[in-house]
Each structure stands twice: as structure tokens, then as C-alpha cells.
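Visitor: using only what follows, build the 3D model:
(chains A, B, C and D)
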Protein chains: 2
Amino acid sequence: MSARNRPARENGSERRAELLAIAGELFATRGFLATTVRDIADAAGILSGSLYHHFDSKEAMVDEILREFLDDQRQANAKIIEEAEDPRTALTELIKRSYAALRQHPAAIAIFQNEANYLAQFERFDYLPGVADEFEKTWLKVLQEGQKSGVFREDLNAKLTYRFIRDTVWTTVHWFNPSGKLSIKSIADQYINILCDGIVTR
Amino acid sequence: MSARNRPARENGSERRAELLAIAGELFATRGFLATTVRDIADAAGILSGSLYHHFDSKEAMVDEILREFLDDQRQANAKIIEEAEDPRTALTELIKRSYAALRQHPAAIAIFQNEANYLAQFERFDYLPGVADEFEKTWLKVLQEGQKSGVFREDLNAKLTYRFIRDTVWTTVHWFNPSGKLSIKSIADQYINILCDGIVTR
DNA sequence: GTCTATACTTTGATAGAC
DNA sequence: GTCTATCAAAGTATAGAC
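Guide: Numbering: from 1, shown residues only, chains lettered A, B, ... in the order given. Modelled structure (predicted):
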């Protein structure tokens, strides 16, 4: 079946992608529940009923946004783990990659951060807890290997350390301003710096 | 006017406090919008209409929850700043205090974290951005004084450092489990440890 | 691909009896 | 302090014309 004849409902017409981006923006800034299908339609300059020509439901929209981002991130993580030569490099690369994602998928990250908990209650989003778990495993492995090899302090609780890192990195999406003074790169560098060496002078 | 004759609508009967706690729990775990007045009433074993004997609206409920917590935290911060003898002590005390609040006001913290952005759009919650600002000023002052006096590294962006700390500390509310293995104290200690000295061995 | 029109459901809130 | 009864508004979604 050619892309031309494929029904828009199934996937990618340009208009469809446009609508999805608009919806994502709104879900990210206002929240999923606070965004009505009329809000999305208004922002797109059409009427709410017209959205249903492209998507089955509001849930279907957010579902698609999340899947795309999560697949991307998962692949990127796997590649880093595979290629990194030592735990410290792996860790800093994971952090850099996460910050880079802030520029590529800001809406999806905000939605994942803010709504995963709520969405997980619906069957359709059964995959969410699994993905979060997989992410945790990836980071934990790096941290633990680093402890074994002696680059990371052994007295730290790896799970706790992972959570601290994750919280700091992802929550950045709530205040990061792409047109502000701080670049993603400088934020990432500074965080890696603090995380590795601490804020106290020696 | 005695407490006995004071209308429940105005403030503190026992039942009222109970209902507020139930609502707070739901707001915190499910989200403000996802929690209906019927959910709250169900959880309390009454009908939704009965809630309006105690509170003017759903918004009034969350408003009261937030104000109580924020006042508390503000006072605590002021006291720490006043009493701490040096920036490093002040910083660790601020962090410890924030973690301690996680035990005392878990629901309010989660709500503040998750819903402040949404709520700020309503006049009633005009005070929220101001409070966040005040918190930031308090922490910034400590960090900057520490940089001046040489305890904290001068090459760090204080504002950025504050955000890293704030995000890590407050976001803990999303995964902290009071009946889990990790105590609040051990989480706080470990975080202070990482923040000050980093995760890399030397 | 969008519009018109509209059905259906959920939700926050009110009035008055008990 | 709670219940019964009920509203009005807002929300998601559908059907069929254009």
C-alpha cells in the first residue's frame, strides 16, 4: 500500500504530524487533562471534530508521542552502553544524551515526566512502567560497574544515586528555556562536573 | 467567637481537617484535575454535595493545603538562615529540612511540585510564583556567600546549582516510600554527601 | 481534510430536607 | 454534618454533509 493511499488514521501525513506536534506542545505545557481536544483544534485552526479524522482519541495522540520518544531514547542508550569504553565515559555520555534529548523531544519528555503516572492506569499504557524499569537497569549497570572498577565511590547506594541523577536531569525540562542564556551543553557539563566532583572546594 | 460556634466553613473542625487530609492524599497521588469531588467524597464515605458544607470549592481545598505547607516551610527556612553559623552548615540544614518536610507534608509537596504551574493561572493562586521566588532567593544567598567565603567552588553557576539541588530534593516525593528500606535521613545524608564531594573516587 | 450538528458523559456546584 | 435531587457547564466523541 502506497503512502498516498494509506488512510491518515493509520499514520504519517504531514498534516497529521503537524497536529501531533501541536497537541504535544499543549500536553507538555498545560498537562494532558488540562488540555481539551477543543484546545488542540483551536491551536491548529480547525474544529474539534476534525481531529478525529486523524486520530482515534486524545489518548491515542499522547500514546504516539510517548512511543516515538521512548523508542528513540532506548536505542540511543543501547548504543552508548555498547560503545563506551569505561563506566565513567558511559555515565557522562548517558547524561549528555539525556540532556540532548531535551532539545529534540522537549514535549515528549515533559509529558513522560508529568503524566506517565496518570496514564499508566489505562491498559493502553501498560508499557510505561516497563520502559522506566529498563532505563533504570541501564543506568544502574553503569554505576555498579564503575563501583567495581573503582572509579565511583563504593560507599554510595547505586539505586539512590541513579534516582538523584535521573531526577536532576529530566526535571530540567520544567525550567529549561531554549532561548535563554544557558545552552543545553553548558547545563550538561556543569551537572556532570558537580556530580563527579561535588560543589565543595578542596 | 468560640471554636464551638464558629462555622465549619471558616476553619478547623476535626472532620474538616480529616476531609482535607483525604483530599490532599488524592490530589497528590492522582493529580488535582484527575481527582473529582466525588472521588474525595467517596474516600471520605459521604456524598459529594456534603463536601460543600465544609469547603467553598475544590480549589479552596487545594489552596488551604498549599498555604499551610508553604507558610511552614518559609518559617523553617528563615530560622535556618538566621541560626546557621556558616554557608556550608546553612546549605546542609536547608537540605535536611527539605527532606524532613517530605515526611511532614508529603501530599502538599507533591501537589506543589505537580500542580503549581497549572494552579498559577487562577487569581486565587497568585501567591505561588512569589513563594517559589522567595525560596530561590534564600538558597541562592547561601550558595553565593559560600562561594565568596571559599567553601563552595567559584566556577559554578549558583542559580544552576540551586536548580539542581531543588529538583533532586523535591522530586524525591515522587518515589519516596515511607515504609521502604531507605529512611529520609539516610537519603538526605547520601545526597548531601554526593553534592558536596561528588561520586568519583580520588 | 474540514465543517455542522449533536449525542453522551462527567464534573463542579447548589438548594433545601433531614 | 449529611443526604436527596438536580443543574449548568464542559468534555470526549460520532455521523454525515461538503
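
Visitor: you'd agree residue A:124 is up against residue A:63?
Guide: Yes: with contact defined as Cβ atoms under 8 Å, residue A:124 counts as touching residue A:63 (6.0 Å). C-beta: built from backbone N, CA, C; applies to glycine.

Visitor: who's more crowded, the two?
Guide: Neighbours per residue (other Cβ atoms under 10 Å in any protein chain shown) separate residue A:124 from residue A:63, with residue A:63 holding more: 19 against 14.

Visitor: A strand includes the more buried one, no?
Guide: No: read with DSSP: H, G, I helix; E, B strand; the rest coil, residue A:63 is helix and lies in no strand.

Visitor: can you pull the contacts of it?
Guide: A:124, A:125 (Cβ atoms under 8 Å, 6 or more residues apart in numbering or on different chains).

Visitor: do the one helix or strand residue A:74 maps to and DNA strand C meet at all?
Guide: Residue A:74 belongs to helix A:58-83 when assigned by DSSP states H and E. No: judged by Cβ under 7 Å from any atom of the strand, helix A:58-83 stays clear of DNA strand C, getting no closer than 13.3 Å.

Visitor: which element follows that helix toward the C-terminus?
Guide: Downstream of helix A:58-83, the first helix or strand assigned by DSSP H and E is helix A:87-104.

Visitor: how about that following helix: buried residues?
Guide: Under the neighbour-count criterion of 16 or more other Cβ atoms under 10 Å in any protein chain shown, helix A:87-104 has A:87-88, A:90-99, A:101-102 buried.

Visitor: next secondary structure element downstream of that helix?
Guide: The first helix or strand that comes after helix A:87-104 along the chain, using DSSP H and E, is helix A:106-119.

Visitor: pull the number of nearby residues for the residue nearest to residue A:36 when sequence neighbours are not counted.
Guide: The shortest distance from residue A:36 to any non-neighbouring residue, by Cβ to Cβ, 6 or more residues apart in numbering or on different chains, is to residue A:48 (7.9 Å). Residue crowding around residue A:48 was assessed by other Cβ under 10 Å; the count is 14.

Visitor: near DNA strand C, which residues of chain A are found?
Guide: By Cβ under 7 Å from any atom of the strand, the residues of chain A that approach DNA strand C are A:8, A:13-16, A:41, A:45-50, A:53-54.

Visitor: now render these as CSV, adding pLDDT.
Guide: As requested, those are exported to CSV (pLDDT from 0 to 100):
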residue, pLDDT
A:8, 53
A:13, 88
A:14, 92
A:15, 95
A:16, 97
A:41, 98
A:45, 98
A:46, 98
A:47, 98
A:48, 98
A:49, 98
A:50, 98
A:53, 97
A:54, 98
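
Visitor: follow-up on the earlier one: near chain B too, which of the buried residues of helix A:87-104?
Guide: Applying Cβ under 8 Å from any Cβ of the partner chain to these, one finds that residue A:88 fall near chain B.

Visitor: nearest to DNA strand C, out of the buried residues of helix A:87-104: which one, please.
Guide: residue A:101 (28.4 Å; Cβ to the nearest atom of the strand).

Visitor: that closest one contacts residue A:70, correct?
Guide: No: counting by Cβ under 8 Å, residue A:101 does not reach residue A:70; the two are 10.5 Å apart.

Visitor: domain map for chain A?
Guide: For chain A, automatic domain parsing gives the domain ranges A:8-56, A:58-197.

Visitor: can you tell me which of those domains the model trusts least?
Guide: Ranked by mean pLDDT, these end with domain A:8-56 at the bottom, a mean of 94.

Visitor: hmm, back to that, which of the residues of chain A next to DNA strand C ranks first by neighbour count?
Guide: residue A:54 (22 neighbours).

Visitor: around residue A:18, how many other residues sit close by?
Guide: The criterion is other Cβ under 10 Å. On that basis, residue A:18 has 12 neighbouring residues.

Visitor: contacting residues for it?
Guide: With Cβ under 8 Å, 6+ apart, residue A:18 has these contacts: residue A:44.

Visitor: returning to that earlier point: is the helix holding residue A:74 positioned near DNA strand D?
Guide: Yes: part of helix A:58-83 sits near DNA strand D under the criterion Cβ under 7 Å from any atom of the strand, namely A:58, A:59.

Visitor: hmm, who's touching stretch A:87-94?
Guide: For stretch A:87-94, using Cβ under 8 Å, 6+ apart, the contacting residues are A:77, A:80-81, A:84, A:138-139, A:142-143, A:145-146, A:149, A:151-152, A:192, A:196, B:200.

Visitor: give me the phi and psi for residue A:152.
Guide: phi -110, psi 150 (degrees, to the nearest 10).

Visitor: show me what it is bridged to.
Guide: Counting by DSSP bridges, residue A:152 is bridged to residue B:200.

Visitor: surely it meets residue A:140?
Guide: No: under the criterion of Cβ under 8 Å, residue A:152 makes no contact with residue A:140, lying 11.8 Å away.

Visitor: have a look at these two and say which one is more surrounded.
Guide: residue A:152 (24 against 14).

Visitor: for the more buried one, what are its contacts?
Guide: Counting by Cβ under 8 Å, 6+ apart, residue A:152 touches A:87, A:88, A:143, A:146, B:199, B:200, B:201.

Visitor: for the fourth one, phi and psi?
Guide: This means residue A:146. Per-residue torsions, residue A:146: phi -60, psi -30 (degrees, to the nearest 10).

Visitor: list the buried ones in stretch A:36-43?
Guide: A:37, A:39, A:40, A:41.
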